[in-house]
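When you get a sec, could you give me coordinates for this:
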Amino acid sequence: TVRELPPLGPPAVITASEPHRAYPHKTTERDCFMDAGQEAEVAEADDALLLTHEGWIAEGTVWTVFWWGGDGLWTPSLDLGILPGIGRARVLELVQRVEQGRYREQALAGKSLFLTNAVRGIVPIAALDGAPVPADPRTAELARRFWPG
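Model prediction:
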């Protein structure tokens, strides 16, 4: 069955207390993501961002996270055990230079963040842990280019 998805406004996201568990491909072992999603729901947030046991930014429950820093775009490295998703690959294809590495949560402070996956495309984050996230016009431009054709 094909159906239109309802519009998704910019979500409010929390940093989950549940640590991210590395995995090389999609799996049905999603306990940490389900727990993080439930934690977000209890906190009256829309979703959760997971950090590794070591405190590195990993990914959302069903999303890859990106943020604008200076002149470039940043995202966690695949060597953290995050999913090399289709949405992530599309953003990397569209943006000439994306820094990929290991970043602490503090790297997100004051930055414009967005989430991406193959179902929703690019979705800007409205708030992280209750703090408003600034908008960046580059996110809207990238979102317009995300879907081919």
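
what pairs with the residue sitting nearest the centre point of the chain across the strands?
For the chain, residue 65 is the residue whose C-alpha lies nearest the centre (Cα atoms, centre = their mean; 2.4 Å). For residue 65, the beta-bridge partners under DSSP bridges are residue 115.

go on, the one 4 residues further on?
Here residue 69 sits in beta bridges with residue 72, going by DSSP bridges.

start at 9 instead
Right, with 9 as the first residue, what we last looked at is residue 77.

Against residue 156, how distant is it?
Distance of residue 77 to residue 156, computed by Cβ to Cβ, to the nearest Å: 27 Å. In short, each C-beta sits where N, CA and C put it, glycine included.

quick one, what contacts the closest residue in space to residue 20 that isn't next to it in sequence?
Residue nearest to residue 20 in three dimensions, not counting chain neighbours: residue 135, with 4.3 Å by Cβ to Cβ, 6 or more residues apart in numbering. Applying Cβ atoms under 8 Å, 6 or more residues apart in numbering to residue 135 gives the contacts 20, 21, 53, 141.

Farthest-apart pair in those, please.
The span of the contacts of residue 135, defined through Cβ to Cβ, is set by 53 and 141 at 12.4 Å.

dump the residue contacts of residue 64.
Counted by Cβ under 8 Å, 6+ apart, residue 64 has contacts 84, 88, 110, 111, 112.

buried ones in stretch 66-74?
66, 67, 68, 69, 70, 71, 72, 73, 74 (16 or more other Cβ atoms under 10 Å).

Just the mean pLDDT for the helix or strand hosting the first one, thanks.
Think residue 66. Element membership for residue 66 (DSSP states H and E) is strand 65-68. Strand 65-68 comes out with an average pLDDT of 94.

Which strands or helices does it pack on?
Of the remaining helices and strands, those touching strand 65-68 by 3 or more Cβ pairs under 8 Å, 6 or more residues apart in numbering; DSSP states H and E are strand 55-59, strand 80-84.
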